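Participant: sequence? don't have it. structure:
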């Protein structure tokens, strides 16, 4: 996969997950009983929450905003895009692990969402490898472009 395609895939993943998390979080804030996003209050029985208001706000802050920041920095060409995407993916995997530990497994969306976090981490790692600086083979070669055989650079 080319560097441009890896970058585009990373921006797409970050944006998709970030927007989804913000929309989901807002839905939980609007309707804290979880009904707007097909969640049951009984699922919270093993947690410290009575409704989905706090988890919704946390979803926006801990998942949505980091993914959107990663998408923005990657799209802007910043070298921080890859590391931020890697961090956001790790946060999503951890979020799902904590969620399953607290409330248990309830929907296929939990492992699917965790898989998206893992995929984001893999694509971010590929992006980081693609943006690593290349060292010159000999001292003094840094910044010099190779010339075709038989051609001399203009003086």
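Facilitator: Looks like it came in fine. What you are looking at is a predicted structure, and each value in this text was computed from that prediction instead of being measured.
Participant: For residue 17, give its distance to residue 80.
Facilitator: 18 Å (CB to CB, to the nearest Å). (Glycine included, C-beta is placed from N, CA and C.)
Participant: what's near enough to touch residue 71?
Facilitator: Contacts of residue 71 were listed using CB atoms under 8 Å, 6 or more residues apart in numbering, and they are 11, 14, 15, 18, 85.
Participant: what helix or strand is it on?
Facilitator: Using DSSP states H and E, residue 71 sits within helix 65-75.
Participant: buried sites along the helix or strand following that helix?
Facilitator: Sequence order places helix 81-103 as the next helix or strand after helix 65-75, per DSSP H and E. Residues 81-82, 84-93, 95-96, 99, 103 are the ones in helix 81-103 that count as buried (16 or more other CB atoms under 10 Å).
Participant: how far out from the middle of the chain is helix 81-103?
Facilitator: With CA atoms, centre = their mean, to the nearest Å as the basis, helix 81-103 stands 9 Å off its chain's centre.
Participant: which stretches of this structure aren't confidently modelled?
Facilitator: Scanning the chain for pLDDT under 70 picks out the ranges 132-155.
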